[in-house]
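# kindly generate the corresponding structure for this input.
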Amino acid sequence: MELQETKTGEYTIFIPSMNETYHSRNGAISESKHVFIKEGMNRVTFDTKILEIGFGTGLNAMLTGLEALKQLRHVEYHTLEPFPIPSSLIDQLKYGEILKDKNLFNEIHDAEWEQAVDISVYFSLHKTTQKLEYIQLKDNNYDVIYFDAFAPKKQEELWTPKIYKKLYDSLKTDGVLSTYSAAGQLKRDLKSVGFRIENPPGANGKREMTVAMKA
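The predicted model follows:
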């Protein structure tokens with residue numbers, strides 16, 4: 001793993017063996033805000049239970065914690081990350097400084113794994129190293145899912161109808177799944193397990209992304 005600067009000046013993490021970055025090279029923070037806050041969290045307007053697939057750098061979690069405080073809205077945040085990033089790299093990202101809340105960023109990363117931790121009055125965090133393929137998810141449990149796995153060609157085991165059905169079942173009625181991908185096969189597979197699909201504009205000038213809703 002190594003740091004890589006995005007076009008907007010902040011850093012993301014690059015994995016040479018996969019030729020893959022954790023965020024868009026056109027802007028990490030802008031991508032996360034658009035895909036997961038605007039088109040995910042903020043599609044519901046009440047206290048929210050969120051499942052994130054891919055904790056990664058913790059950027060989505062931090063932005064969600066900031067938004068929860070801004071809206072005075074309670075959020076329970078459950079995030080999966082089988083391969084946590086070394087703290088030495090996390091410290092170099094400086095997302096806390098950029099987003100002007102170093103304490104929140106540090107608390108998110110210092111939180112114990114495998115248990116729920118109250119980060120603030122409005123934001124609780126439960127990080128787990130369990131893999132999506134094997135974890136048991138409760139039915140009708142989440143309001144929003146951030147599907148932030150690596151791209152289908154890089155992590156194909158997570159982009160399957162079986163996985164989508166598992167996520168569909170874990171959502172409440174009218175629940176929302178948001179992801180940066182707009183691949184045709186993704187859309188077809190999501191529809192096949194019952195999702196209703198929308199394709200709003202993507203982040204940083206990308207033509208489309210995907211929002212899937214449980215009827």
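# and the helix or strand of the chain with the lowest mean pLDDT, how far out from the chain's middle?
Between all helices and strands in the chain, the lowest mean by mean pLDDT, DSSP states H and E belongs to strand 20-21, at a mean of 84. Offset of strand 20-21 from its chain centre (Cα atoms, centre = their mean, to the nearest Å): 15 Å.
# list the neighbouring strands of it plus their orientation.
strand 11-15 (antiparallel) (DSSP bridges).
# helix or strand for residue 68, which one?
According to DSSP states H and E, residue 68 maps onto helix 59-71.
# so what does that helix touch, helix or strand wise?
helix 28-32, strand 48-53, strand 75-80, helix 95-98, helix 102-110, strand 123-128 (3 or more Cβ pairs under 8 Å, 6 or more residues apart in numbering; DSSP states H and E). To be clear about C-beta, it is placed using only N, CA and C from the backbone, and glycine gets the same treatment.
# and the longest one, how far from the chain's centre?
Relative to the centre of its chain, helix 102-110 is centred 17 Å away, using Cα atoms, centre = their mean.
# list the buried ones in the next helix or strand after that helix?
Of the helices and strands lying after helix 102-110 in sequence (DSSP H and E), the nearest is strand 116-118. For strand 116-118, the buried set under the neighbour-count rule, 16 or more other Cβ atoms under 10 Å, comprises residue 117.
# pairing partners for strand 116-118, with directions?
strand 123-128 (antiparallel).
# the strand it pairs with to strand 48-53, inter-axis angle?
Relative orientation of strand 123-128 and strand 48-53, computed by axes from the mean of the first three to the mean of the last three Cα atoms, to 10 degrees: 30 degrees.
# could you tell me how many residues sit around residue 10?
Residue 10: 19 surrounding residues under other Cβ atoms under 10 Å.
# give the contact list for it.
Residues near residue 10 by Cβ atoms under 8 Å, 6 or more residues apart in numbering: 27-29, 93-95, 98.
# same thing with residue 49?
Residue 49 makes contacts with 75-76, 78, 141-144, as judged by Cβ under 8 Å, 6+ apart.
# are any of those residues buried, and which?
Judged by 16+ other Cβ under 10 Å, buried ones among the contacts of residue 49: 75-76, 78, 142-144.
# for burial, what's the neighbour tally of residue 176?
Look at residue 176: counted by other Cβ under 10 Å, it has 25 neighbours.
# helix, strand or coil for the residue nearest in space to the middle of the chain?
For the chain, the residue sitting closest to the mean C-alpha position, by Cα atoms, centre = their mean, is residue 146 at 3.9 Å. Under DSSP: H, G, I helix; E, B strand; the rest coil, the three-state class of residue 146 is strand.
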